[in-house]
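Student: below are the sequence and a predicted model for it; my questions follow.
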Amino acid sequence: MKINQLFPQRRFGASGEREATVRKHIPWISSPLQEDVQPDSTQQGHNAGSSSATLSGTNGPSDGGLKLPPFKHRHEASTIELFYDLFFVANLATFTNNHEIVDSKSLRNYIGFFTILWFTWLQTSLFDVRFGVDSVLQRIFNITSFGIMTGFAVVGAIYDTTHLVENIKGFRAMCLVLMTSRLILALQYGVILWFVRRYNHTWLPLLSTMGVLFLAAMGYLGTYWGFDVDDFTSTAPHTYYAWYGIAVAEAAAVITISSIWRVVSFKRTHLVERVGLLTLIIMGEGIIGVAKSVSMILQTSRDTEAADIGNIASSVLVIYFIWVLYFDQIEHERFGTIRQQVWAILHFPLHVAMLLTVEGTAALILWNIIARYLRGWIDYVNNIPASINSTSEMVEYLETGILVIEDLFKESHTDLAHTYNYHHNLTSISNISAPFNTPAWNAQFTPLLQDLAFGVVNAIFTKFGIEGPEQDETIHMTESERSEALANVFSTVFAYVYIAAGAFAMLLGVLYWFGKTRKSLAEWYAILIRVIFGLGLCGFSAIAFTDGGASDGFTFSAWPIPVIMFTYGVVILLDNLILWWGNRAVKRRNKQATQQHARPGMLDLKFGSRSNDATAQRTAEKLPAGNESAV
């Protein structure tokens, strides 16, 4: 090999300068407008007004004679937007891991944090999809956005509305984080206003958006003094409710502004893709939950059955069916300008329902194996053989059952005695001095047996990482009270998972209806199917509020997750069958219409050939020489 092959010679152009491909530098500040389109001199003097612009034309878009700024629009998300989404993922995953849903209060706390996180993401994305460009200044703004998301992570660790007084500093910090995020966005819109200052009719919508964000920032700042607690014994006000109202109001205002003034609309942007990517992120959170549940089972239990594998597979299929139901009904070309914006904001309840569905199914994976262990232990205690004739035999019987339960767990885990000191109860039973099975003996034995039974139940929950309420709330509880609190964790899951799964299906129907201006009969049927099956799923939540054999039988069976999976599967099957029927009907009508239009022509050719020949002859006479073949 020659040395010049390793080090090729430099090439020089005609001017003697070296020709090279140099990576472009990042500009200090970049215009959001297309560089090859300049504003008309006639632009000056036009007043602001409601715009219904379309981004078309060679000299920039127009609206009734008004020249609109030719913004740069991308058809896909940039890498910096995807990088921002990673912070959303990290916040959601961390908060989910640190804040277990154990009751209705913790459920409201979970939805509340997701609300302020989601709407902060939305406001940032609404700017990026319309005006996002790459420059040093924009990257500085991006860094501040990442810092704000980091602030969410810091405050999210102590975001607990059930213990607001203890975490009052964290809530005050959240006020400042929310205020800063809106002020930064208002400043970004101000930069855009500077670049389009020659387009006078853009001033009002951009200034209105900046005003909305500034007012929202001042509202968040005002809540700072709402968290005013004199001492740790007083009750903190529910000031955080204002955050949710401000977040919804500012989002609605920004969407309304973009709907009235089309100059700042989302036409030809990648808003639909951005919302779809966030939907995938939330699905990913469900996959993380399923993986954690599977990991807990494999690390803890040595007694997995086919039902456990079936529930894991059903959970994965639930997430897959969610993907199918959502993405199969999106058709980008059928979105209207205003409908697209409302369609995007309607994703908030959809994402809440989706998140609770995937998190609930992940929790039910653990419940399936926990319920089997509980059912075995409770049946064992409730069916004490009548052949037992002494206290020592009773102690031996109970200890044998505990050892069977203990043997279900892997040796790598500490034995059951480290989780619950059952030896103390067995010793207390052995020390009963009254004769066996006498009223005096039963009076001492019954409370000890109940305490032992509930203690083992609590140990089973603890082995699988179910902690329930915080330690300061359970330290003074009896074993039966603690069992009730731990069981309430899954009662809460049963209460919300079916409502969320049903609401998700119904909201898909709403989005299907709202996202399409014209709908065929088959599409109306598809919407109706989503609503009907969604209502049916919501009905299953009644099992969390009823007691009885049927309710308990379903709860302790292997069917809680497959019910959701099969419901979604049936919706997908019926949806495709209806669309197949609808498309087939359309093809049949088109074919019949084509045949009806073709028959008159065929008759003319058959019975009117003489007139047709005459017409052709007259046409040929009018054509110049050499063009006869064109007839």
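Tutor: Thanks, I have it. Numbers count the residues shown, from 1 in each chain.
Student: check contacts around the closest residue to G582 other than its chain neighbours.
Tutor: Closest residue to G582 apart from its sequence neighbours, by Cβ to Cβ, 6 or more residues apart in numbering: A522 at 2.5 Å. (Glycine included, C-beta is placed from N, CA and C.) Contact partners of A522, counting by Cβ atoms under 8 Å, 6 or more residues apart in numbering, are 578-579, 581-583, 585.
Student: so what pLDDT did A522 get?
Tutor: pLDDT for A522: 84.
Student: returning to what we had before: which of the contacts of A522 fall within strands?
Tutor: Taking DSSP state E, every one of the contacts of A522 sits outside strands.
Student: okay, now the domains of the chain?
Tutor: 74-269, 370-485 (automatic domain parsing).
Student: to I297, which of these lies closest?
Tutor: Nearest of these to I297, taken as Cβ to Cβ: domain 370-485 at 7.7 Å.
Student: please compute how far the closest one lies from its chain's middle.
Tutor: Offset of domain 370-485 from its chain centre (Cα atoms, centre = their mean, to the nearest Å): 41 Å.
Student: what of stretch 289-297?
Tutor: Distance of stretch 289-297 from its chain centroid, counting by Cα atoms, centre = their mean, is 20 Å.
Student: hmm, who's touching it?
Tutor: Contacts of stretch 289-297 (Cβ under 8 Å, 6+ apart): 96, 304, 308, 312, 315-316, 319, 358-359, 361-363, 365-366, 369, 464-465.
Student: give me the buried subset of those.
Tutor: Buried by 16 or more other Cβ atoms under 10 Å: 96, 308, 312, 315-316, 319, 358-359, 361-363, 365-366, 369, 464, out of those.
Student: so which of those sit within helices?
Tutor: Members of the buried ones among the contacts of stretch 289-297 lying in helices (criterion: DSSP state H): 96, 308, 312, 315-316, 319, 358-359, 361-363, 365-366, 369.
Student: just the mean pLDDT for the lengthiest helix in the chain, thanks.
Tutor: For the chain, the helix with the greatest residue count under DSSP H is helix 560-607. Computed over helix 560-607, the mean pLDDT rounds to 79.
Student: just stretch 401-417 next, same as before
Tutor: Averaged across stretch 401-417, pLDDT comes to 79.
Student: CA atoms only: put it into CSV for me.
Tutor: As requested, the backbone C-alpha atoms of stretch 401-417 are provided in CSV (Å, rounded to 0.1, in the frame of the first residue of the first chain):
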residue,chain,number,x,y,z
GLY,A,401,-49.0,-24.9,57.3
ILE,A,402,-46.7,-22.0,57.9
LEU,A,403,-43.7,-24.1,56.8
VAL,A,404,-45.6,-25.0,53.6
ILE,A,405,-46.2,-21.3,52.9
GLU,A,406,-42.5,-20.6,53.7
ASP,A,407,-41.4,-23.3,51.3
LEU,A,408,-43.1,-21.4,48.4
PHE,A,409,-40.5,-18.7,48.6
LYS,A,410,-37.0,-19.0,47.4
GLU,A,411,-34.2,-19.7,49.8
SER,A,412,-32.4,-16.5,48.8
HIS,A,413,-35.2,-14.6,50.6
THR,A,414,-35.2,-14.5,54.4
ASP,A,415,-37.6,-16.9,56.0
LEU,A,416,-41.1,-16.0,57.0
ALA,A,417,-40.1,-15.5,60.7
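Student: please enumerate the strands of this protein.
Tutor: Taking DSSP E as the test, the strands found in the chain are 62-63, 66-67.
Student: hey, least reliable of those by pLDDT?
Tutor: strand 62-63 (a mean of 48).
Student: residues in contact with the residue lying closest to V264 once chain neighbours are set aside?
Tutor: Counting by Cβ to Cβ, 6+ apart, P205 is the residue found nearest to V264 once chain neighbours are left out, at 4.7 Å. Shown in contact with P205 (Cβ under 8 Å, 6+ apart): 48, 257-258, 260-261, 263-264.
Student: coming back round to it: possible to save the ones in helices among the buried ones among the contacts of stretch 289-297 as CSV with distance to Y110 and pLDDT?
Tutor: Converted to CSV, these look like this (distance: Cβ to Cβ, whole Å; pLDDT from 0 to 100):
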residue, distance to Y110, pLDDT
T96, 8, 91
D308, 26, 91
I312, 24, 95
S315, 19, 95
V316, 23, 96
I319, 19, 96
V358, 13, 95
E359, 9, 94
T361, 16, 95
A362, 14, 94
A363, 12, 94
I365, 19, 95
L366, 18, 94
I369, 24, 93
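Student: got any ranges where this protein has weak pLDDT?
Tutor: 1-22, 31-72, 229-237, 332-336, 412-415, 470-476, 548-549, 597-631 (pLDDT under 70).
Student: if I pick I370, what's in contact with it?
Tutor: 460-461, 464, 466, 490.
Student: among the contacts of A522, which one lies nearest to Y498?
Tutor: Nearest to Y498 among the contacts of A522 is I578, at 24.6 Å by Cβ to Cβ.
Student: isn't the closest one up against W524?
Tutor: No - look at I578 against W524 with Cβ atoms under 8 Å: they stay out of range, at 9.4 Å.
Student: ok, these two, which is more surrounded?
Tutor: Counted by other Cβ atoms under 10 Å, I578 and W524 do not tie: I578 has more neighbours, with 19 against 14.
Student: and the gap between the more buried one and I572?
Tutor: Note on I578: its distance to I572, by Cβ to Cβ, to the nearest Å, is 11 Å.
Student: now the phi/psi pair for E76, please.
Tutor: Here is the backbone geometry of E76 (degrees, to the nearest 10): phi -150, psi 160.
Student: ok, now F464?
Tutor: Dihedral angles of F464 (phi, psi; degrees, to the nearest 10) stand at phi -100, psi 20.
Student: could you pull out the helices for the stretch 101-250 of the chain?
Tutor: With helices called from DSSP state H, counting those that start in this stretch, the stretch 101-250 of the chain shows them at 104-131, 136-156, 168-195, 203-224, 241-260.
Student: mind giving me the packing neighbours of the last one?
Tutor: Packed against helix 241-260 by the contact rule (3 or more Cβ pairs under 8 Å, 6 or more residues apart in numbering; DSSP states H and E) you find helix 104-131, helix 168-195, helix 203-224, helix 337-345.
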